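*Asks:* requesting a structural model of the entry that follows:
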Amino acid sequence: MNKNTHPAASNETVADQSNNTDENSTTTTSNTEITRIPNKPNIAMPCYKRIILQVGVTYSYCTCGFSKLEGGAFCDGTCKNSDEIKGWEPKEFTVNNFNSGGYSICCCKRTQKPPFCDGSHIDLDW
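*Replies:* Numbering: from 1, shown residues only. The predicted structure follows:
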C-alpha cells in the first residue's frame, strides 16, 4: 500500500521532550517573544481549525504550537529548525472516513485527543 503524503506532512522526527526546561523561561526569536511553560506547548490559536482532510493521506500535526501552517495545525518544522524551541515531535495521523464538513483540529494544543479538538480551549483561563 502506497503512503500518500500531504505537503505539510513530514516523516522526520526531532529530539525527545526531555530537553524542556524545568522552569518558565522567555526567549525572543524572529521578533516574537516566546514564554515557555515546562512540558506544555505554545497555544497556536485559542480555538480549533476546521479542515477538510483527505482519506488515506498522512498528516503531521504540530505539537509544539509554533508552526504557521494552517494556524498551527500542521507541523512546519519550526521546533526542529530552531535552537530556542526543541524537544517536540509532530504527531502523524491519517483519517479513514471522509467528512464533508471537515475535521476540528486542535490549535490550543491542550486536547487530550490530538490532533482532534476535544473542547479543552473552552476551559482555559485566557
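*Asks:* mind showing which ranges of this structure have poor pLDDT?
*Replies:* 1-38, 126 (pLDDT under 70).
*Asks:* can you give me the strands for it?
*Replies:* All strands of the chain, identified by DSSP state E, fall at 4-5, 25-29, 32-36, 48-51, 57-61, 91-93, 103-106.
*Asks:* now the fifth one: buried residues?
*Replies:* With burial defined by 16 or more other Cβ atoms under 10 Å, the residues of strand 57-61 counted as buried are Y59, S60, Y61. In this view, the C-beta of every residue, glycine as well, is placed from N, C-alpha and C.
*Asks:* next, the contact list for the last one, please.
*Replies:* Under the criterion of Cβ atoms under 8 Å, 6 or more residues apart in numbering, the neighbours of Y61 are A73, F74, C75, P90, K91, E92, F93, I105, P114, P115.
*Asks:* let's see 7 Å
*Replies:* Contacts for Y61 (Cβ atoms under 7 Å, 6 or more residues apart in numbering) come out as A73, F74, C75, P90, K91, F93, P114, P115.
*Asks:* any idea how far the first one is from D125?
*Replies:* From A73 over to D125 the distance is 23 Å, taken as Cβ to Cβ, to the nearest Å.
*Asks:* who has more neighbours out of those two?
*Replies:* Counted by other Cβ atoms under 10 Å, A73 and D125 do not tie: A73 has more neighbours, with 24 against 3.
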